[in-house]
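Student: need a 3D model of the sequence below.
(one chain, ligands or ions: 2)
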Amino acid sequence: MLIHSASQMLTLAGGPQRGAALGTLGLVEDGAVLLHGGRIAAVGRSAELRAAFPGEEMLDAGGRVLMPGFVDAHAHPIWAGDRAAEFEQRLQGKSYLEILEAGGGILSTVRATRAAQLEQLIQQTRARLQRMFAHGSTSMEAKSGYGLDLETELRMLEALLHLDDEGPWDLALTFLGAHAIPAEFKGRADEYTRELSQTWLPELRSWWAEKAAGRPLPFVDVFCETGAFSLAQSRQILEAAKALGFPLKIHSDEFDNLGGTGMAVELGAVSADHLVSTSAAEIAALAASDTVAVALPATPFALSEAHYTPARQLLQAGGLLAVGGDLNPGTAWCESLQFSLALACRYLKLTPAEAIAATTINAAAAIQRQDQVGSIEVGKQADLLLLDVADYRQLGYRFGTNLVHTVIKKGALHVPAGYPD
Ligand code: NIG
Ligand code: FE
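Tutor: Numbering: from 1, shown residues only. Ligands and ions are numbered 1, 2, ... in the order given. Predicted structure coming up:
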């Protein structure tokens, strides 16, 4: 199939974009792309490609923007229950960490998730992935972390493997057994850390070899935060994971700075995420490394906070910045990466072009998929979006509605509800 007559085609060609290079859109006016077998076979101007491939099935983009599918580099899409009552408590003055300390927060979602059967988890998560996909996310990270016992954590991963097979999306899985200290280990965080590092991670390795043979290993992530895992505990977990060959991620500096970001850089983590209370020295260390900084502006927004990731400092120092959604039931129940992109423009001070690169090619790098997705280049997977606008700057400028007209995943067309043609 040949898609032609895009007012602007954003190729994002050339790989992940560091520092000042962020926002290199590779814009082609009156753009066209040839798809074969779910992959991109040619990229160019409409006149050129139509002349070269006259026998192809044609799809007229009708003057819309054509761009790569969004990649959501940070998501917790699988859980049971909801936390609407806590949302109300927070509005009345309770803090997120106070609620967690009192046994609510993540721990209340853990109680509901432990009680949910595999089929129930699959069904509820599928609905969330469908909403993410309809808003243009064609690949997304998906973390466990609401089980906090090995059995439930593996059930969550099993549900996610099932949903990845089912598609149409691609999921990059993450084991987040270190999301909180479960109730049965209250006051014994060191013991939980030891159990997770020494017993669960090796068991996860064998389970994966059996259940997910041939797939890349999942990421191992830690919530390094007051009330969750200390710096020493986070190090123990990440070092054990690294020794077993797992690629690493960290939640650091969401609220308090415990030093997790520097440690993640030292351990060669693929990404460090949140990064709100990160110091200038850590921003410099991060910028000098290959660890991708993943900002999640929906989280401070949803918690009504004033501070966001110091993205401009990171870019000035030459860092690799991605923007993710952080879909989760506690701090950011939002399935639209377009909304996070709009927040990134306002609070991280990114231009629409920078925010687009941060949610496509750089986000792909944050989940180690930059060779397959995140740009429109020959040989890559045909994961594309047609936006219902003619100028890419409408992304970020407009928010709260879905600007995606058509999602193309591995060459197949999907039209979200609301656009019946
Ligand atoms: O990324 N910070 C830890 N995890 C989530 C929140 C999870 C929850 O509250 O359920 C986050 O913000
Ligand atoms: Fe998170």
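Student: so how far is stretch 298-309 off the chain centroid?
Tutor: Distance of stretch 298-309 from the chain centroid (CA atoms, centre = their mean, to the nearest Å) equals 17 Å.
Student: can you list the buried residues in it?
Tutor: Ala298, Thr299, Pro300, Phe301, Ala302, Tyr308, Thr309 (16 or more other CB atoms under 10 Å). Bear in mind the C-beta positions are built from the backbone N, C-alpha and C, glycine included.
Student: quick one: end-to-end length of that stretch, please.
Tutor: End-to-end distance for stretch 298-309, by CA to CA, to the nearest Å: 11 Å.
Student: ok, and does it reach over to ligand 1?
Tutor: Yes - counting by CB under 6 Å from any ligand atom, ligand 1 has neighbours in stretch 298-309: Thr299.
Student: phi and psi next, for the residue in the chain that ligand 1 sits nearest to.
Tutor: At 2.1 Å from ligand 1, Gly330 is the closest residue in the chain, using CB to the nearest ligand atom. The phi/psi pair for Gly330 (degrees, to the nearest 10) reads phi -100, psi -50.
Student: follow-up on the earlier one: among the buried residues of stretch 298-309, which are located in strands?
Tutor: If you go by DSSP state E, the buried residues of stretch 298-309 have nothing in strands.
Student: which pair of these spans the longest distance?
Tutor: Ala302 and Thr309 (14.6 Å; CB to CB).
Student: related to what we said a few turns ago, might one say that the residue of the chain closest to ligand 1 is in contact with Gly81?
Tutor: No - proximity of Gly330 to Gly81 does not meet the contact threshold set by CB atoms under 8 Å, at 10.8 Å.
Student: overlap in contacts of those two?
Tutor: Both Gly330 and Gly81 are contacted by Thr109, under the criterion CB atoms under 8 Å, 6 or more residues apart in numbering.
Student: which of the two has more residues huddled nearby?
Tutor: Remark: of Gly330 and Gly81, Gly330 carries more neighbours, 25 against 16, as counted by other CB atoms under 10 Å.
Student: hmm, stretch 207-220 in reach of ligand 1?
Tutor: No - with CB under 6 Å from any ligand atom as the criterion, ligand 1 is not reached by stretch 207-220; the gap is at least 13.9 Å.
Student: who are the packing partners of the helix or strand of the chain with the lowest mean pLDDT?
Tutor: Here the helix or strand of the chain ranked lowest by mean pLDDT, DSSP states H and E is helix 96-101, holding a mean of 92. Where contact means 3 or more CB pairs under 8 Å, 6 or more residues apart in numbering; DSSP states H and E, helix 96-101 is packed against helix 84-91.
Student: for the helix it packs on, what is the average pLDDT?
Tutor: In this model, helix 84-91 has a mean pLDDT of 95.
Student: reformat the buried residues of stretch 298-309 as CSV; add distance to Glu377.
Tutor: As requested, the buried residues of stretch 298-309 are arranged in CSV below (distance: CB to CB, whole Å):
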residue, distance to Glu377
Ala298, 29
Thr299, 32
Pro300, 34
Phe301, 33
Ala302, 35
Tyr308, 31
Thr309, 28
